[in-house]
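Visitor: Next come a sequence and a model predicted from it.
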Amino acid sequence: MTKPAKRHALTTRLWHWSNLVAMVILFMSGLTISNAHRYLYWGDWGFEAKDAWLAVPRFPDWMTIPGYYSLAVARDWHILAAWLFALTLLFGWIAMLVNRHFKRDIATRREEWRPANIKADIAAHLRLDFDHGKGKYNFIQKLTYGLVLGVILPGMVLTGIAISPGMEPTFGWMVDLMGGRQSARSFHFIFAALVFGFFVIHVLLVILSGPIWQLRSMITGRDGR
Amino acid sequence: MKRRNFLVAAGAAFLAGCNKVAESAPGAKLLSAAESWHKAAHRFLSNREALAPEYPRSAISPYFRGNGSVDPTNGDYQAQAASDFANWRLEVRGLVETPLSLTLDNIRRLPQRTQVTRHDCVEGWSAIGEWTGPQLSLLLDAATLRPEARYIVFRCADELSGARYYESVDLIDAYHPQTIIAHRLNGEPLPIKNGAPLRMRIERQLGYKHAKYLTAIEAVASLEDLYGGKGGYWEDRGYQWYAGI
């Protein structure tokens, strides 16, 4: 099967790496913020362990920004990187709609949803054969990228807005839709865990499928195979 | 194990880099600029009078958590508490035409606002309570702000780790309809752990803005000359002055 010679558009590559920087800062400063109050609740309020649906483990200093416990400094980093994250996500979406990367490579086609195709796709993944399917990406890749780009990353921004008290007079309907402020905070943490899960699988699959050419193509845009 | 060591080393290097950036002058400037961009975005998206959500009484939490100072021992606070705050005074002063000194009885006789609102702590938790008290705008109008006044400072009776608590807001939040001087919580006089006899409610910002044990309201042109110069006890310790994020 012939693959397009040019793997990744410049806009995709710019978004990918700036998003990585933003996500790492947000995640690591987020772990400090989690350490400030390690309980998650459903509904509008919650302030003690007995009301919580989850007690989050305490994260050690080497995982957090800053590398010692400071909620004030962590919040500084978090609200700075939030801008980079949200604005580059918007930029990435506009770029991939304009250059048709989304429609061409990520949007799934109806025939791909047939059980036989999904089964074959899973079987191929289990054989560590990732280079299959008609387009640039196979079905599971499309589905994953679609969920991450379309649901989880925007979900991080929206749940982040929802837990900001200064935004609530305007976006109160969104907080209600999420089931209240503490529910919105729970979803913010759940989405963050999903992003981390994606990050681990993504890096693992890059390593399994040829880390050198994958990295080169995401840096230079050329498929060096 | 080797890979883990590598990850820890890479993480440490990244953290060291982050600390370098945060400690450099442009880095610190960028971090505080991000706060003002959020404030500008919030102010742009919301009407200056837009209200924080108000809940039915049935939504009130079983009790209201106290945080920070919960039983001040400095000064004459304990004696004041023993006498049921009979001699408590709230001063309105600074850049005003007519300074005021009000007793609790004076404050209770003013027109009151009662609101069931949610309190969000910077740590992450929330509690809902019903607050009653006069709007701050009423007192500011009675004292008449001078045109140079840009911030309202809240002076407090309590000390936390040996330093006096204080807070400040700009005139937009000072004149917001839900900004009240609360003396009742859930229909009862304010408990000591929640700031008796008077505390601020700044409903569109995080809990540390809601100064407790309130002794004076002071109009100022600049925050630079007060304590650490950042406009609040926690702000002097690195927290954002705009706590709507």
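Guide: Good, I have the coordinates.
Visitor: Buried residues of stretch B:171-184, list them for me.
Guide: Buried positions in stretch B:171-184, judged by neighbour count with 16 or more other CB atoms under 10 Å in any protein chain shown: B:171, B:173-176, B:178-184. (C-beta placed from N, C-alpha, C; glycine too.)
Visitor: Out of those, which sit inside strands?
Guide: B:180-182, B:184 (DSSP state E).
Visitor: Nearest to chain A among those residues?
Guide: B:Ile180 (16.0 Å; CB to the nearest CB).
Visitor: And the closest one, how far from B:Thr114?
Guide: 9 Å (CB to CB, to the nearest Å).
Visitor: The closest residue to chain A within chain B: what secondary structure?
Guide: Here chain B gets closest to chain A at one residue, B:Gly244, 2.1 Å apart by CB to the nearest CB. Following DSSP: H, G, I helix; E, B strand; the rest coil, B:Gly244 is assigned to coil.
Visitor: quick one: it from B:Gly17, how far?
Guide: Distance of B:Gly244 to B:Gly17, computed by CB to CB: 29 Å.
Visitor: The residue nearest the centre of chain B: what's it in contact with?
Guide: Closest to where the C-alpha atoms of chain B average out (CA atoms, centre = their mean) is B:Lys209, at 1.6 Å. Residues near B:Lys209 by CB atoms under 8 Å, 6 or more residues apart in numbering or on different chains: B:167, B:169, B:200, B:202, B:232, B:243.
Visitor: and if we set it to 7 Å?
Guide: B:167, B:169, B:202, B:243 (CB atoms under 7 Å, 6 or more residues apart in numbering or on different chains).
Visitor: can you tell me the helix or strand for whichever residue of chain A sits closest to chain B?
Guide: Going by CB to the nearest CB, chain B is nearest to A:Gly166 of chain A, at 2.1 Å. For A:Gly166, there is no host helix or strand (DSSP states H and E).
Visitor: where exactly do the helices run in chain B?
Guide: Taking DSSP state H as the criterion, chain B contains helices spanning B:2-23, B:25-45, B:77-82, B:104-108, B:136-143, B:171-174.
Visitor: can you check chain A too?
Guide: Here chain A has its helices, by DSSP H, at A:10-36, A:71-98, A:101, A:115-126, A:139-147, A:153-162, A:168-177, A:181-208, A:211-220.
Visitor: Next, the angle helix A:211-220 makes with the first one.
Guide: With axes from the mean of the first three to the mean of the last three CA atoms, to 10 degrees applied, the angle from helix A:10-36 to helix A:211-220 works out at 110 degrees.
Visitor: avg pLDDT for helix A:10-36?
Guide: For helix A:10-36, mean pLDDT is 97.
Visitor: chain center to that helix, what's the gap?
Guide: 9 Å (CA atoms, centre = their mean, to the nearest Å).
Visitor: and the angle for that helix with helix A:71-98?
Guide: Taking the same axes, to 10 degrees, helix A:10-36 and helix A:71-98 form an angle of 150 degrees between their directions.
Visitor: Ok, the fifth one next?
Guide: Helix A:139-147 and helix A:71-98 are oriented at 120 degrees to each other (the same axes, to 10 degrees).
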